[in-house]
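Undergrad: got a sequence here, can you build the structure:
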Amino acid sequence: MAVSVIPSHLIDQGAVEAEFTQLPLNNWWLRNHPATTVRALDERSDMARRSMTPLAQFCWVDLMTPEVDRARAFYSSVFGWEAREGDPEFGGYFMFFHDGVPVAGGMPDMSAGQAPTQWTPYLAVGDAEASLSAVRQGGGTVVSDAMAVGSLGVMGVFVDPSGAVAGVWEPRDFPGFGAVDEPGAPRWFELHTSGFGGAKAFFEDAFGWSTSMLSDTDEFRYATANEGEAQFAGINDTAHHPGGPGQPRWLVYFGVESCDQAVAAARAGGATITMEPSDTPYGRLATITDPMGASFAVMQ
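TA: Take a look at the predicted model:
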């Protein structure tokens with residue numbers, strides 16, 4: 001089922017019209033990185049050219065890890081990222097930069113191992129509190145209520161009805177990604193779940209996603225979330241995967257210049273390669289589990 005009506009809690013006309021060319025000076029991020037601008041993005045797609053993520057699409061990802069120093073070194077070696085210093089005001093939260101713009105965040109796991117080591121994607125919303133209310137109404141579970149992060153924005157974290165963790169981000173001073181859909185930046189977001197039908201309906205209802213089926217067989221059931229002709233996320237049915245369904249999760253694909261070189265760097269850094277580089281209709285892909293246990297993919 002394709003949904004064409006955007007829920008009212010997502011609509012923030014000021015955010016829709018805003019063009020972030022330079023972030024305000026009254027936030028922590030810019031105080032630590034002065035004169036940084038959100039640059040014009042890769043011209044290969046409409047999504048990449050935008051300086052602010054459209055509402056109900058993914059605008060940020062961050063990593064929770066038990067070994068921050070090791071994670072900083074690992075991802076810097078794989079993607080050529082620069083890991084900026086964390087800020088105690090925000091629990092040691094730090095950002096990864098690529099070519100001078102932010103592409104991902106990271107934080108120490110302070111749950112004594114109770115929280116999973118993973119990458120979490122965040123959806124841009126106009127009203128975080130209202131979006132989390134829609135999550136509850138749709139059968140999801142809110143694990144972190146709407147919380148202001150200084151003047152940067154408002155965040156929340158939820159578990160969808162199929163069991164996968166994601167977040168919402170209501171941007172204020174910080175819009176999210178400075179680059180997407182290019183090497184060194186997030187390129188695709190894919191939900192892996194055995195609860196395919198329920199998860200698909202949840203995101204359609206709670207976030208107004210318009211979806212279409214790429215394939216609908218037990219061997220390969222896959223839907224894409226679309227804005228017009230552009231696709232920005234996928235939902236992969238794992239119920240009949242040969243290796244078993246696995247834990248529900250979002251898999252973030254990061255762009256790379258060379259899939260094989262990224263895999264070699266990851267392996268040298270102690271990662272486990274869960275899918276060796278393979279040529280597909282969508283590029284050369286591989287999936288990796290970092291030394292601390294977080295899974296991600298690379299896409300050439």
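
Undergrad: in what helix or strand does Tyr122 lie?
TA: Remark: Tyr122 resides in strand 118-124, with elements defined by DSSP states H and E.

Undergrad: contacts for that strand, please.
TA: 15, 52-64, 104, 131, 155, 157, 165-171, 175-176, 186, 189, 207, 249-250, 252, 293-296 (C-beta atoms under 8 Å, 6 or more residues apart in numbering). Placement of C-beta: from N, CA and C, glycine included.

Undergrad: next: stretch 89-98.
TA: Under C-beta under 8 Å, 6+ apart, the answer for stretch 89-98 is 28-29, 33, 62, 68, 72, 75-76, 79-87, 102-108, 110, 149-150, 178-179, 184-185.

Undergrad: what subset of the contacts of strand 118-124 is buried?
TA: Buried by 16 or more other C-beta atoms under 10 Å: 15, 52-64, 104, 131, 155, 157, 165-171, 175-176, 186, 189, 207, 249-250, 252, 294-296, out of the contacts of strand 118-124.

Undergrad: can you map out the helices along the stretch 151-300 of the chain?
TA: With helices called from DSSP state H, counting those that start in this stretch, the stretch 151-300 of the chain shows them at 196-207, 259-268.

Undergrad: Tyr282: which of those helices is closest?
TA: helix 259-268 (11.7 Å; C-beta to C-beta).

Undergrad: and that closest one, how far from the chain's centre?
TA: Distance of helix 259-268 from the chain centroid (C-alpha atoms, centre = their mean, to the nearest Å) equals 21 Å.

Undergrad: so for that helix, mean pLDDT?
TA: In this model, helix 259-268 has a mean pLDDT of 98.

Undergrad: need the buried ones from the contacts of stretch 89-98 selected in ChimeraX.
TA: Those of the contacts of stretch 89-98 that count as buried under 16+ other C-beta under 10 Å are selected in ChimeraX with:
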select :28,29,62,68,72,75,79,81,83,84,86,87,102,103,104,105,106,107,108,149,178,179,184,185
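
Undergrad: so Ser133 lies in a helix, does it not?
TA: Yes - the assignment for Ser133 is a helix, going by DSSP: H, G, I helix; E, B strand; the rest coil.

Undergrad: where does the stretch 51-200 of the chain have low pLDDT?
TA: Applying pLDDT under 70 to the stretch 51-200 of the chain flags residues 51.

Undergrad: what's the end-to-end length of stretch 103-122?
TA: Start-to-end span of stretch 103-122 (C-alpha to C-alpha, to the nearest Å) is 13 Å.

Undergrad: so how far is that stretch from its chain's centroid?
TA: 12 Å.

Undergrad: show me where the stretch 1-150 of the chain has its helices.
TA: 13-17, 28-32, 46-49, 68-79, 128-137.

Undergrad: bridged to the nearest residue to Glu276 once chain neighbours are set aside, which residues?
TA: Leaving aside its chain neighbours, Glu276 sits nearest to Ala286 (6.2 Å; criterion: C-beta to C-beta, 6 or more residues apart in numbering). Bridge pairing for Ala286 (DSSP bridges) gives the partners Val298.

Undergrad: check contacts around Ala286.
TA: Ala286 makes contact with Cys259, Ala262, Val263, Ile273, Met275, Glu276, Pro277, Ser278, Ala297, Val298, according to C-beta under 8 Å, 6+ apart.

Undergrad: so who does the third one touch?
TA: Spelled out, that is Val263. Contact partners of Val263, counting by C-beta under 8 Å, 6+ apart, are Ile273, Glu276, Pro277, Ala286, Ile288, Val298.

Undergrad: related to what we said a few turns ago, in TSV, list the contacts of Ala286 along with distance to Gly228.
TA: TSV is the format used below for the contacts of Ala286 (distance: C-beta to C-beta, whole Å):
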residue	distance to Gly228
Cys259	29
Ala262	31
Val263	34
Ile273	36
Met275	31
Glu276	35
Pro277	31
Ser278	29
Ala297	25
Val298	27
